[in-house]
Structure formats: C-alpha cells, structure tokens
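Visitor: take a look and give me a structure for this.
(one chain, ligands or ions: 1)
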Amino acid sequence: MKATPSPQQLKHEKQLAAEAALRWVRSGMLLGLGSGSTAALFISQLGAAVRAGQYQIQAVATSLASEALAREAGIPLVEPRRGMRLDLTVDGADELNTELQLVKGGGGALLREKVLATAADYLLILADSTKLVPQLGRFPLPLEVVPFALPWILDAVAELEGKPVVRMSRQQPTEPARTDQGNLLVDCHFQSIPDATSLARHLQQIPGLVEHGLFLGLARAALVAQGEQVLVYTPGAEPQSLPGFSAFP
Ligand SMILES: O=C[C@H](O)[C@H](O)[C@H](O)COP(=O)(O)O
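Guide: Below you'll find the predicted structure:
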C-alpha cells in the first residue's frame, strides 16, 4: 500500500503544482483565481511574479478570501462584467479522476469557482498526489443551498442515497457555515459516485440547490504533483511529464 504523504510532503507537492502553473500564464491575460490552500500558493507565486514585472495581468477571484490574498500579493483585480471571458482560471480540487471530473467546494467556494471555471477558456487544476482517485465520492460532495429550502434538499439528497450533513462553522461550531453569498453548505456522503453525470443531472433538478461541487467537462488540464514530479493530465489521455508538455492556452 502507498504510504500517505506527510503534511510537509503535501505542502511541497502543492507548492510544486502552483509553481508549475506559472508556465500557463502569459502577459495580457485575464485570470480567474481559485480558492483553497493550493490556489493560495499559486496566488502568492503569481503575485511575486507580477511584482517582479514578469507579467502584466488582471484577475477575478473565486472567493472573498482569495480576493484578499490577491490584493495583498499585488495582483490587480477587476469586477465581473458582461461579456467577460477569462483566458485562464487556476484552481484546486478536493478530488479528481483521470477524466478530469472534479469534486470541489471543501472550502465552501464552489459557486464562484464554478462561475469562473465556466467563464474561462481554460481551467487548470492544481492537485497534490492524494487528490487523484480512481472513482469520485470518497470526499463528501458539497452543495450550496438557499437556507429556506434546506429541509427539502436534505430529503432529496437522502433519496439519492448521499447522507447529507449540514456543514458547521469552524469559528462558531454551534452555527452553520455560511458561504460568501450567505447560503448554507451541505456535504453529501455518497462513498462512491460511479456516474457523476447522472448524479449532477439529478442534483440540478432540486429547487433551492444553488450549485453542486461536481465540475464535469470543465477542466482542460490538471497538474498533479507526486513527490518531486509534476504530471500533466488532460481528459482521456495518458499523463505527460511537465517538461514535455506543449499544449498551453
Ligand atoms: O471550496 C474550495 C475549493 O473547491 C478548493 O479548491 C478545494 O477545496 C481544494 O482546496 P485545497 O487546495 O485546500 O485542498
């Protein structure tokens, strides 16, 4: 059995993936900035490169937390506007498979993440070696839900056989967690998701469910760090080592 990487090894892998992602960035790009610990490492490296004059870029962030990090890192931010297309969105994931189907939202930012993944011409995912799984579902699938609809959503998810758990706030454990939009989060324990497309279709039909954390057909590439190596996964293809990869945006 493969040994579980230590927290230091995981941080190192995230750092390697974040560093590698800079190869996708070009001056003049409008970028989407993801959320979570891996995306945060990318934001800080991108900020350093921007401050060093390496790139002139603008960005939109997928969460208030990432917006604050980007501002601190010196990355110029713009507001969403009509007709806006992003050249590249760089984000993390809670789970991914080799088809580049993703589970996202462990940090609660899935709604804005999906907006910026969809508004981007190229979604690049950064992951440490623990995120790549043969089948999605080990990580509970997050949902963002309108508070009024919560009881019915819990019933509907239970019918789909995904044990629903309302996420609680880390700061105030007796209160439910709130998203940047003021909505609630429900984590659905499916154990395994053999057909993500069908599950997504069912979830989309539940009223009051604002967004689910399945990201299907959105990622163009994923950088998965394993030890000292970074592999580039593209949907349905064999992984390539980074030095040989040439299909940048
Ligand atoms: O809502 C959070 C996002 O989907 C993150 O991208 C995801 O949880 C991965 O986060 P991390 O890089 O901290 O593992």
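Visitor: quick one: name the residues of the chain near the ligand.
Guide: 34-39, 91-94, 104-110, 113 (Cβ under 6 Å from any ligand atom). Using the backbone N, CA and C atoms, a C-beta is placed for each residue, glycine as well.
Visitor: can you turn the buried part of those into a ChimeraX selection?
Guide: A single ChimeraX command selects the buried members of these (16 or more other Cβ atoms under 10 Å):
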select :34,35,36,38,39,91,92,93,94,104,105,106,107,108,109,110,113
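Visitor: restricted to helices, list the residues of the chain next to the ligand.
Guide: Ser37, Thr38, Ala39, Leu110, Glu113 (DSSP state H).
Visitor: any chance of those residues in a markdown table, plus pLDDT?
Guide: Conversion of these to a markdown table gives the following (pLDDT from 0 to 100):
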| residue | pLDDT |
| --- | --- |
| Ser37 | 98 |
| Thr38 | 98 |
| Ala39 | 98 |
| Leu110 | 98 |
| Glu113 | 98 |
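Visitor: could these go into a markdown table alongside distance to Asp195?
Guide: Shown next, in a markdown table, are those (distance: Cβ to Cβ, whole Å):
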| residue | distance to Asp195 |
| --- | --- |
| Ser37 | 30 |
| Thr38 | 27 |
| Ala39 | 28 |
| Leu110 | 20 |
| Glu113 | 22 |
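Visitor: so for stretch 64-73, what gets flagged as buried?
Guide: For stretch 64-73, by 16+ other Cβ under 10 Å, it's Ala65, Ser66, Glu67, Leu69, Ala70, Ala73.
Visitor: make that stretch 200-209, sorry
Guide: Ala200, Leu203, Ile206, Gly208, Leu209.
Visitor: CA atoms of that stretch as PDB?
Guide: C-alpha atoms of stretch 200-209 as PDB (Å, rounded to 0.1, in the frame of the first residue of the first chain):
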ATOM      1  CA  ALA A 200     -25.200  16.100 -11.500                       C
ATOM      2  CA  ARG A 201     -28.400  15.900 -13.600                       C
ATOM      3  CA  HIS A 202     -30.500  14.800 -10.500                       C
ATOM      4  CA  LEU A 203     -29.000  17.500  -8.300                       C
ATOM      5  CA  GLN A 204     -29.600  20.200 -10.800                       C
ATOM      6  CA  GLN A 205     -33.300  19.500 -10.600                       C
ATOM      7  CA  ILE A 206     -33.600  20.200  -6.900                       C
ATOM      8  CA  PRO A 207     -35.200  23.600  -6.200                       C
ATOM      9  CA  GLY A 208     -33.200  25.800  -3.800                       C
ATOM     10  CA  LEU A 209     -30.000  24.000  -4.600                       C
END
